[in-house]
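Asks: I would like to see how this sequence folds:
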Amino acid sequence: MKYAIPGQRGFQVIKLLIAGSILLILTALMIPNIGRFMGGGESDIRKVEKNNIQSSVTGMMQDNNLSILPNPVDDPTLASNDMSRFPDFKSSWTNSPGGKFKDPRGEPYTDGDKEGYVLYAHDKTGNGDTTVLVDYVHITRSRYSYTADPDGTVHQYDSPGGAEFID
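Replies: Next comes the predicted model:
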């Protein structure tokens, strides 16, 4: 064993113990805060998606002068994540009641128009021109599944027939 030479520096055991205890205290303070943020992003994503879908349904209803959706997807077992079939893919210019009788400009829908009031690739004119399509959402498929009440209120599910998320 070698003895320390006077004037030579080295770590003392007390300094190592102090440094170790400071690290342990900092770790003990950080762990609860890290745990609080774990998994929080998933619920934020879900809430943002639902708000976007709800805003899109409201905008689509206003653009089409709808106070109610004639044939909404309102059965939880049929909840949809396909935005080209949500919230109402059944309303046709031929079916009544609940049909598409006039476009937003007041012109009657004609043969060739797409069926339904949908959020993705919605036909906005009544003249059968399929080049005039509106996308109220930027995605064809959402991460979660949705239903809508006739008044346009959106409900969110983890999957068709699955559990509804309540915010």
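Asks: going by C-alpha atoms from here, please, whenever you check contacts or count neighbours.
Replies: OK.
Asks: quick one: buried residues of stretch 59-76?
Replies: Met60, Met61, Asn64, Leu69, Pro70, Asn71, Pro72, Val73, Asp74, Pro76 (16 or more other CA atoms under 10 Å).
Asks: quick check: longest strand of the chain.
Replies: Ranked by number of residues, the top strand in the chain under DSSP state E is strand 141-148.
Asks: name the helices or strands packed onto whichever helix or strand comes after that one?
Replies: The C-terminal neighbour of strand 141-148 among helices and strands, as given by DSSP states H and E, is strand 154-157. Helices and strands touching strand 154-157, by 3 or more CA pairs under 8 Å, 6 or more residues apart in numbering; DSSP states H and E, are helix 40-63, strand 141-148.
Asks: tell me the gap between strand 154-157 and the middle of its chain.
Replies: Offset of strand 154-157 from its chain centre (CA atoms, centre = their mean, to the nearest Å): 9 Å.
Asks: dump that strand to PDB, keeping only the CA atoms.
Replies: The C-alpha atoms that make up strand 154-157 are tabulated as PDB, following Å, rounded to 0.1, in the frame of the first residue of the first chain:
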ATOM      1  CA  VAL A 154     -69.500  13.500 -31.500                       C
ATOM      2  CA  HIS A 155     -68.700  10.500 -29.300                       C
ATOM      3  CA  GLN A 156     -65.300   8.900 -29.300                       C
ATOM      4  CA  TYR A 157     -64.500   5.200 -28.800                       C
END
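Asks: returning to that earlier point: which of the helices and strands packed on strand 154-157 sits most buried?
Replies: Most buried of those, by mean neighbour count (mean count of other CA atoms under 10 Å): strand 141-148, with a mean of 21.
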